[in-house]
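[1] what's the 3D shape of this:
(one chain, ligands or ions: 1)
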Amino acid sequence: MAGHRERGGLDKHQYTRQSNKDSILMDGVIYEARQRMEFERYEGICKRCGECCGSADGDPCANLRLDLATGKYYCSTYDSRLGPQKTVSGAVFTCVPIRGIIRQGLLRPDCAYNKTGG
Ligand code: SF4
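    Residues are numbered from 1 along each chain as shown. The predicted structure is shown next:
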């Protein structure tokens, strides 16, 4: 059966299984890369005005920060922001993904996502 062990010591069935595993792994790598690119594209739409987090209403989220170098806002707990949060004055609210706000048609008038349709 020497003819079946022609690719790196694998017979054709082992080679096919290994090839399928490699293909699945590559699909996963490509999928993750695309997800990352889509996330960055989507995040890049935001102009960091902070209005959705209360930058203009006098009682912003306590996690909202202003980057003095750029004049743009950012969340100090972005990766764990979703769920119950407090404003500077202590009022409790629930932080939700911007996609949920888009779906409900509740974007601020000047929000950059208005121009993209989400
Ligand atoms: S209101 Fe819109 S553009 Fe402004 S920070 Fe929030 S998501 Fe970004």
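[2] The longest helix seen in the chain close to the ligand?
    Longest helix in the chain, counting residues (DSSP state H): helix 12-45. No - Helix 12-45 lies out of reach of the ligand by CB under 6 Å from any ligand atom, never closer than 7.4 Å. C-beta coordinates here come from the backbone N, C-alpha and C atoms, glycine included.
[3] Next, the buried residues of that helix.
    Tyr15 (16 or more other CB atoms under 10 Å).
[4] and that helix, what other elements does it pack with?
    Judged by 3 or more CB pairs under 8 Å, 6 or more residues apart in numbering; DSSP states H and E, helix 12-45 has no packing partners among the helices and strands.
[5] quick one: average confidence on it?
    Mean per-residue pLDDT for helix 12-45: 90.
[6] And for stretch 96-110?
    pLDDT averaged over stretch 96-110 gives 92.
[7] confidence score at Lys115?
    77.
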